[in-house]
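Engineer: predicted model follows, preceded by the sequence.
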Amino acid sequence: MEMLVALVIMALAVAGASLALRPDDSRQLANEATRLALLLEQAREESALGGMPLAWVAAEDRYEFERRGMSRSGPEWTVLRGDELLRPRQLPGGLRIVRMEADGRPLVFGERLNLGLQGARQVVIELAFGRERTRVHSRDERFEVTAMAAVSP
């Protein structure tokens with residue numbers, strides 16, 4: 001678990017350094033897709049080990065992680081705002097989420113993607129920046145990034 005956290009922190013540092021060097025659209029898209037894949041994997045692992053369900057919720061230009069816990073009124077989902085890794089994130093200008101799918105079913109913006117043991121096994125999230133597209137997808141309980149062909153104008 002500690003090693004995974006260290007890897008996520010290193011990946012975020014590399015992504016941050018790359019962004020500071022004003023990368024082109026495809027490089028920035030790849031960095032954000034890699035960050036998302038690592039964060040989804042971290043949340044899935046944390047949910048499985050911690051026994052508290054975690055979910056990912058996205059809008060076109062941002063996403064956040066939520067934890068299901070108990071309150072006075074019963075179980076409820078709360079956004080992880082104070083978590084250094086799983087805090088809400090705004091995508092850089094121009095970068096957007098264009099498609100989401102869980103176990104072959106399309107997801108709409110605002111719908112929770114459960115990352116716990118009872119959550120979706122096959123996840124596909126497509127990101128776009130300009131004409132460039134990249135896919136984040138789960139494979140054998142891990143998340144991978146696959147570059148896609150640029151979309152014609």
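Structural biologist: Right, received. Where do you want to start?
Engineer: double-check that Glu41 belongs to a helix.
Structural biologist: Yes - the assignment for Glu41 (DSSP: H, G, I helix; E, B strand; the rest coil) places it in a helix.
Engineer: could you measure from it over to Ala150?
Structural biologist: 27 Å (CB to CB, to the nearest Å). Glycine gets a C-beta too; all of them are placed from N, C-alpha and C.
Engineer: by average pLDDT, which secondary structure element in this structure comes out worst?
Structural biologist: helix 2-20 (a mean of 74; mean pLDDT, DSSP states H and E).
Engineer: please name the nearest non-neighbouring residue to the residue positioned nearest the centre of the chain.
Structural biologist: Geometric centre of the chain, nearest residue: Leu36, 3.5 Å, by CA atoms, centre = their mean. Excluding its sequence neighbours, the residue lying closest to Leu36 (CB to CB, 6 or more residues apart in numbering) is Val136, at 5.3 Å.
Engineer: which non-adjacent residue is nearest Ser26?
Structural biologist: Glu132 (4.7 Å).
Engineer: Ile125 now?
Structural biologist: Nearest residue to Ile125, sequence neighbours excluded (CB to CB, 6+ apart): Val136, at 4.5 Å.
Engineer: shouldn't Gly94 be in contact with Gly130?
Structural biologist: Yes - with contact defined as CB atoms under 8 Å, Gly94 reaches Gly130; the gap is 6.5 Å.
Engineer: contact partners of the least confident helix or strand of the chain?
Structural biologist: For helix 2-20, contacts defined as CB atoms under 8 Å, 6 or more residues apart in numbering pick out 27-28, 31-32, 34-35, 38-39, 41-42, 45, 85, 92.
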